[in-house]
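Trainee: sequence plus the predicted model coming up.
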Amino acid sequence: MNAIKLAIRFHELYEKYAPEYGYDTKEESRTFDASSPNGKLMIRICREIQEDYTVTRKEEAIWTEVANAISKWKEE
(Lines give C-alpha, C1' and ligand atoms only; values in the text may rest on other atoms or scores of the structure.)
Protein backbone atom coordinates (compact mmCIF):
# COMPACT_ATOMS: atom_id res chain seq x y z
CA MET A 1 0.00 0.00 0.00
CA ASN A 2 1.50 3.33 -0.98
CA ALA A 3 1.44 6.43 1.23
CA ILE A 4 -1.50 8.03 -0.59
CA LYS A 5 -3.69 4.94 -0.24
CA LEU A 6 -2.71 4.65 3.42
CA ALA A 7 -3.55 8.33 4.02
CA ILE A 8 -6.94 7.87 2.34
CA ARG A 9 -7.69 4.81 4.49
CA PHE A 10 -6.51 6.60 7.62
CA HIS A 11 -8.79 9.51 6.78
CA GLU A 12 -11.76 7.21 6.15
CA LEU A 13 -11.29 5.47 9.49
CA TYR A 14 -10.71 8.77 11.28
CA GLU A 15 -13.99 10.14 9.92
CA LYS A 16 -15.76 6.90 10.82
CA TYR A 17 -14.62 6.75 14.45
CA ALA A 18 -14.31 10.45 15.34
CA PRO A 19 -17.94 10.73 16.51
CA GLU A 20 -17.46 7.81 18.92
CA TYR A 21 -14.81 9.91 20.66
CA GLY A 22 -16.90 13.05 20.75
CA TYR A 23 -15.08 14.73 17.90
CA ASP A 24 -17.07 16.47 15.18
CA THR A 25 -14.95 16.83 12.06
CA LYS A 26 -15.17 19.89 9.84
CA GLU A 27 -17.59 19.63 6.94
CA GLU A 28 -14.98 20.96 4.49
CA SER A 29 -12.42 18.31 5.44
CA ARG A 30 -14.67 15.24 5.54
CA THR A 31 -13.64 14.26 2.03
CA PHE A 32 -9.95 13.49 1.63
CA ASP A 33 -8.16 15.95 -0.66
CA ALA A 34 -4.60 14.92 -1.44
CA SER A 35 -3.79 18.40 -2.76
CA SER A 36 -4.90 20.24 0.40
CA PRO A 37 -2.38 21.14 3.13
CA ASN A 38 -4.05 18.59 5.43
CA GLY A 39 -3.96 15.90 2.73
CA LYS A 40 -0.31 16.59 1.93
CA LEU A 41 0.54 16.42 5.62
CA MET A 42 -1.25 13.10 6.07
CA ILE A 43 0.51 11.64 3.02
CA ARG A 44 3.90 12.79 4.31
CA ILE A 45 3.28 11.28 7.74
CA CYS A 46 2.10 8.00 6.21
CA ARG A 47 5.19 7.92 3.97
CA GLU A 48 7.50 8.41 6.96
CA ILE A 49 5.72 5.72 8.97
CA GLN A 50 6.09 3.34 6.04
CA GLU A 51 9.81 4.17 5.81
CA ASP A 52 10.21 3.47 9.54
CA TYR A 53 8.34 0.20 9.15
CA THR A 54 10.47 -0.80 6.15
CA VAL A 55 13.65 -0.23 8.13
CA THR A 56 12.21 -2.23 11.01
CA ARG A 57 11.31 -5.11 8.67
CA LYS A 58 14.81 -5.09 7.18
CA GLU A 59 16.36 -5.11 10.64
CA GLU A 60 14.06 -7.95 11.67
CA ALA A 61 15.10 -9.95 8.62
CA ILE A 62 18.78 -9.43 9.45
CA TRP A 63 18.32 -10.54 13.07
CA THR A 64 16.34 -13.57 11.91
CA GLU A 65 19.24 -14.55 9.68
CA VAL A 66 21.68 -14.08 12.57
CA ALA A 67 19.52 -16.20 14.88
CA ASN A 68 19.23 -18.94 12.24
CA ALA A 69 22.98 -18.91 11.69
CA ILE A 70 23.61 -19.23 15.44
CA SER A 71 21.14 -22.11 15.68
CA LYS A 72 22.85 -23.95 12.81
CA TRP A 73 26.26 -23.29 14.38
CA LYS A 74 25.10 -24.73 17.72
CA GLU A 75 23.77 -27.85 15.96
CA GLU A 76 27.18 -28.58 14.39
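Mentor: Yep, it's here.
Trainee: excluding chain neighbours, give the residue nearest to Met1 in space.
Mentor: In this structure, Met1 finds its nearest non-sequential neighbour in Arg9, 7.6 Å apart by CB to CB, 6 or more residues apart in numbering. All C-beta spots, glycine's among them, are computed from the backbone N, C-alpha and C.
Trainee: mind checking which helix or strand that neighbour is in?
Mentor: Using DSSP states H and E, Arg9 falls within helix 3-17.
Trainee: for Glu12, which residues are in contact?
Mentor: By CB atoms under 8 Å, 6 or more residues apart in numbering, Glu12 lies in contact with Phe32.
Trainee: give me the distance between it and Ser35.
Mentor: Distance, Glu12 to Ser35, using CB to CB, to the nearest Å: 18 Å.
Trainee: buried stuff in whichever helix in the chain runs longest?
Mentor: As assigned by DSSP state H, the longest helix anywhere in the chain is helix 37-75. Across helix 37-75, burial judged by 16 or more other CB atoms under 10 Å covers 39, 42-43, 46.
Trainee: farthest-apart pair in the residues you listed, please.
Mentor: Largest separation among the buried residues of helix 37-75 by CB to CB: Gly39 and Cys46, giving 10.6 Å.
Trainee: residues shared between the contacts of these two?
Mentor: Residues touching both Gly39 and Cys46 by CB under 8 Å, 6+ apart: Ala7.
Trainee: now for Ala18: which residues touch it?
Mentor: Listed by CB under 8 Å, 6+ apart, the contact set of Ala18 reads 24-25.
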